[in-house]
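*Asks:* Quick one: sequence plus predicted model below, questions after.
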Amino acid sequence: MRLDKFLADHEIGTRSEVKKILAKGCVCVNGLIIKDPKTQVTNTDQISVSGTLIETDTKKRYYMFHKPAGCVSAKTDACEQTVMDFFCGEPRWQELCIVGRLDKDTEGLLIVTDDGAYCHTLISPKKHIPKTYYFETDAPLCEEAEKIAGEGMTLRDKTKCSPAKLEMIDESKGMLTIYEGAYHQVKRMVSALGGHVCYLKRMSIGNLMLDESLAIGTYRRMTEEETWQAICQSPKKNSYSKI
Ligand code: URA
């Protein structure tokens, strides 16, 4: 690819701005100042502008984000802080997408990636990827709650849920694994079982567990193994350290 196109694609400037930057001698390719916009480059070349290396890594990026409460699962919002606000320091952050949604007040595991096909797999209702949530309720659930959830329950608005795995830790805390992702599903299930969610945190997606050492409001790259764990359809037994 031509150097001027490469620089424009990496948002260094428009094609004409890039030509001026090149003419000033600000661009180095593999350590040599290059001024000719027609120079051919590839992703294996080390290209820098005014000393700053341009990331040429075209490998897909997968991030594990520990979402805090108070931000919305959106790229932009006129009033609210968004998940993408945390990522806008990343190169080509505009190409990133948020995999699924957590409510504004929900914390926990969220995947952010520029791999559209991977995102599609994870959110596809046909894949039935399990998602496990830790919740706290300020009203006790009915006695048969675990059994009712396990059989596939009906919400107050008559929506039919597929069987889910509810494990109460005590009267006010529980873990719920669901295989679909309807709007406010966990809150609505808990409500239909007599409770009221006052705290919600996603602990896992597939076999991928939230890395509890990841500070709330921070993210890190996922390992290749973790990207596979997230699309696994049979969850491991829960073994969360903090609860
Ligand atoms: N279910 C909910 O009710 N809220 C979330 O954020 C995720 C699942």
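*Replies:* Arrived safely, thanks for sending.

*Asks:* Show me what the residue sitting nearest the centre point of the chain bridges to in the sheet.
*Replies:* For the chain, Ile111 is the residue whose C-alpha lies nearest the centre (CA atoms, centre = their mean; 2.0 Å). Taking DSSP bridges as the rule, Ile111 bridges to Met64, Val99.

*Asks:* Hmm, it is touching Lys67, no?
*Replies:* No. Counting by CB atoms under 8 Å, Ile111 does not reach Lys67; the two are 10.3 Å apart. Heads up, the C-betas are built off the backbone N, CA and C, glycines and all.

*Asks:* Which residues of the chain lie near the ligand?
*Replies:* 102-103, 106, 184-187, 200 (CB under 6 Å from any ligand atom).

*Asks:* Low-confidence ranges, this structure, go.
*Replies:* 57-58, 233-243 (pLDDT under 70).

*Asks:* need the longest strand for it.
*Replies:* Longest strand in the chain by number of residues (criterion: DSSP state E): strand 197-205.

*Asks:* Next, the buried residues of that one.
*Replies:* 197, 200-205 (16 or more other CB atoms under 10 Å).

*Asks:* And those, which is closest to the ligand?
*Replies:* Closest approach between the buried residues of strand 197-205 and the ligand, by CB to the nearest ligand atom: Leu200, at 5.7 Å.

*Asks:* ok, that closest one - contacts?
*Replies:* If a contact means CB atoms under 8 Å, 6 or more residues apart in numbering, then Leu200 has 103, 105-108, 133-136, 186-187 as its contacts.

*Asks:* For PyMOL, write a command that selects the buried ones of those.
*Replies:* Selecting the buried subset of those in PyMOL, with 16+ other CB under 10 Å as the burial test, is done by:
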select buried, resi 103+106+107+108+133+134+135+136+186+187
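
*Asks:* Among the contacts of Leu200, name the ones in strands.
*Replies:* 107-108, 133-136.

*Asks:* Between those, which sits nearest Lys127?
*Replies:* Nearest to Lys127 among the ones in strands among the contacts of Leu200: Tyr133, at 18.0 Å, using CB to CB.

*Asks:* I'd assumed Lys201 was in contact with the closest one.
*Replies:* Yes. Using CB under 8 Å, Tyr133 is in contact with Lys201, at 6.7 Å.

*Asks:* list the residues that contact both of the two?
*Replies:* Common neighbours of Tyr133 and Lys201 (CB under 8 Å, 6+ apart) are Gly108.

*Asks:* Tell me which stretches of this structure form helices.
*Replies:* 3-9, 15-23, 116-123, 145-151, 185-192, 224-230 (DSSP state H).

*Asks:* of all the ones you listed, which lies closest to Pro37?
*Replies:* helix 3-9 (3.6 Å).

*Asks:* So which other helices or strands are in contact with that closest one?
*Replies:* Packed against helix 3-9 by the contact rule (3 or more CB pairs under 8 Å, 6 or more residues apart in numbering; DSSP states H and E) you find helix 15-23, strand 27-29, strand 47-49.
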